[in-house]
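**Q** need a structure here:
(2 chains)
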Number of protein chains: 2
Amino acid sequence: MKSIYTGKTKDVYALENGNYLLKFKDDVTGENGVFDPGANTVGLTLEGAGRAGLSLTKYFFEILKEKEIPTHYIDANIEEATMTVKPATVFGKGLEVICRYKAVGSFLRRYGMYAEEGQPLDAFVEVTLKDDERQDPPISEDALDMLGILTKAEYTVLKDLTKQIGNVVKNELAKKDIELYDIKFEFGRVGEDKEIALIDEISGGNMRAYKNGSYIEPLELEKLMLEV
Amino acid sequence: MKSIYTGKTKDVYALENGNYLLKFKDDVTGENGVFDPGANTVGLTLEGAGRAGLSLTKYFFEILKEKEIPTHYIDANIEEATMTVKPATVFGKGLEVICRYKAVGSFLRRYGMYAEEGQPLDAFVEVTLKDDERQDPPISEDALDMLGILTKAEYTVLKDLTKQIGNVVKNELAKKDIELYDIKFEFGRVGEDKEIALIDEISGGNMRAYKNGSYIEPLELEKLMLEV
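**A** As a prediction, the model looks like this:
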């Protein structure tokens, strides 16, 4: 097992059979000790955050598998905080795909002239480049195509999958009276046929979730979602 | 004649017959005395800049008229530095539509991970909101539609007109061995039938133009383009 990447919140190892192992860490993104799913820095370390994030990821990825929505997921070992996944290549140097149900965060910072805070958005999809140095700039369908990152046909698939998966998560949260405000995903070309599929994770660190008007921290969300 | 708006580079007056008069000022956008077409502040005042900008605007608007590309233009009085235009309403609180032929400026600041400085772009169109407070954020076709600023059908018309007009300007400049790097336009719904049409101006202040690899200041560009 060969270490091939050390990320902000997880490490990646190559397995001998061609698959990969993701090790979930206890670090979460944020600034100055405050969690922020949109941040590019590790803000704090929370005991058990890795296993909790993986538990929720496993939960959602297994629902997606049942619904035949493509992902890189093979299986997970909660004790070890590891997930086995199929090989994937990202688009360009990596994209984040955001699905929004409420106008908050960077959406509101950009479009506050036209949107009220918390205004409902109908599974609005936007793409940003993973580029810490340039603060993850938003990028249009036309620019993605022109810069050779994603064809128009691939963009359509990506947007459609994003809405489908966003709605799965939104509906699961709603069963616990939790409201999804927004969520970010990563996609890649997965497996031998290079199918466009969800990669990375779906955990509290990827989304903003609220209950009775109060924001729910990632660890609390994972507890609320997985308690029986 | 009633003053209805005082802008950074021009003032607007309502005429009794329902049309409007634009008075071109000698102020140009920029910062600290340096011209920058993308700036939101008046950077310097140049004697004769208003008349020069209007002369070039008249030149291009009359070519567009011949080509039956819709604009708000009626006529111009160079001595008075005024242009008479049809009434127009802008989209939302105003948009800027940019057509790019070279990767420079804010495009490069955002997408520098994927583009080289000066790399050719094929009449790439992007839209930004006129919102000084939020640094004129770029906005996607989907967001324009969702926020009620522009329908998808209107976006298609806008993008098509932008490429047509950008190419007219590019070809006119090329006749004087001048290369157009990028240009920004404003559009509105014009006249009784609310046709989508070019409004505002087409002057040196709206574009980046180069000759033999050197940037040409607006006043110099207007001189080069209009000298006989």
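**Q** measure A:Leu22 to A:Leu64 for me?
**A** As defined by CB to CB, to the nearest Å, A:Leu22 lies at a distance of 16 Å from A:Leu64. All C-beta spots, glycine's among them, are computed from the backbone N, C-alpha and C.
**Q** these two - which one has more neighbours?
**A** A:Leu22 (25 against 20; other CB atoms under 10 Å in any protein chain shown).
**Q** pull out the buried residues from stretch A:151-161.
**A** A:154-155, A:157-159, A:161 (16 or more other CB atoms under 10 Å in any protein chain shown).
**Q** helices or strands up against the one helix or strand A:Lys184 maps to?
**A** Using DSSP states H and E, A:Lys184 falls within strand A:179-190. Strand A:179-190 is packed against strand A:88-90, strand A:95-102, helix A:152-174, strand A:195-199, strand A:207-211, with contacts defined by 3 or more CB pairs under 8 Å, 6 or more residues apart in numbering or on different chains; DSSP states H and E.
**Q** quick one: least confident helix or strand in chain A?
**A** Of all the helices and strands that make up chain A, strand A:34-35 has the lowest average by mean pLDDT, DSSP states H and E, namely a mean of 76.
**Q** what residues does that strand touch?
**A** A:28-29, A:43-44, A:205, A:217-218 (CB atoms under 8 Å, 6 or more residues apart in numbering or on different chains).
**Q** for the buried residues of stretch A:151-161, give me TSV that also has distance to B:Asp142 and pLDDT.
**A** Output for the buried residues of stretch A:151-161, formatted as TSV (distance: CB to CB, whole Å; pLDDT from 0 to 100):
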residue	distance to B:Asp142	pLDDT
A:Glu154	16	96
A:Tyr155	11	97
A:Val157	15	98
A:Leu158	13	98
A:Lys159	8	98
A:Leu161	15	98
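**Q** between those, which sits nearest B:Ala123?
**A** Using CB to CB, A:Tyr155 comes nearest to B:Ala123 of those, at 19.3 Å.
**Q** these two touch, right, the closest one and A:Ser140?
**A** No. Look at A:Tyr155 against A:Ser140 with CB atoms under 8 Å: they stay out of range, at 9.5 Å.
**Q** in chain A, which residue is most central in space?
**A** By CA atoms, centre = their mean, chain A has its centre lying nearest to A:Phe185, at 3.2 Å.
**Q** now for that residue: which residues touch it?
**A** A:Phe185 neighbours (CB under 8 Å, 6+ apart): A:96-99, A:162, A:165-166, A:198, A:200, A:202, A:206.
**Q** and the pLDDT for it?
**A** Note for A:Phe185: predicted pLDDT of 98.
**Q** tilt between the strand holding A:Lys184 and strand A:95-102?
**A** 160 degrees (axes from the mean of the first three to the mean of the last three CA atoms, to 10 degrees).
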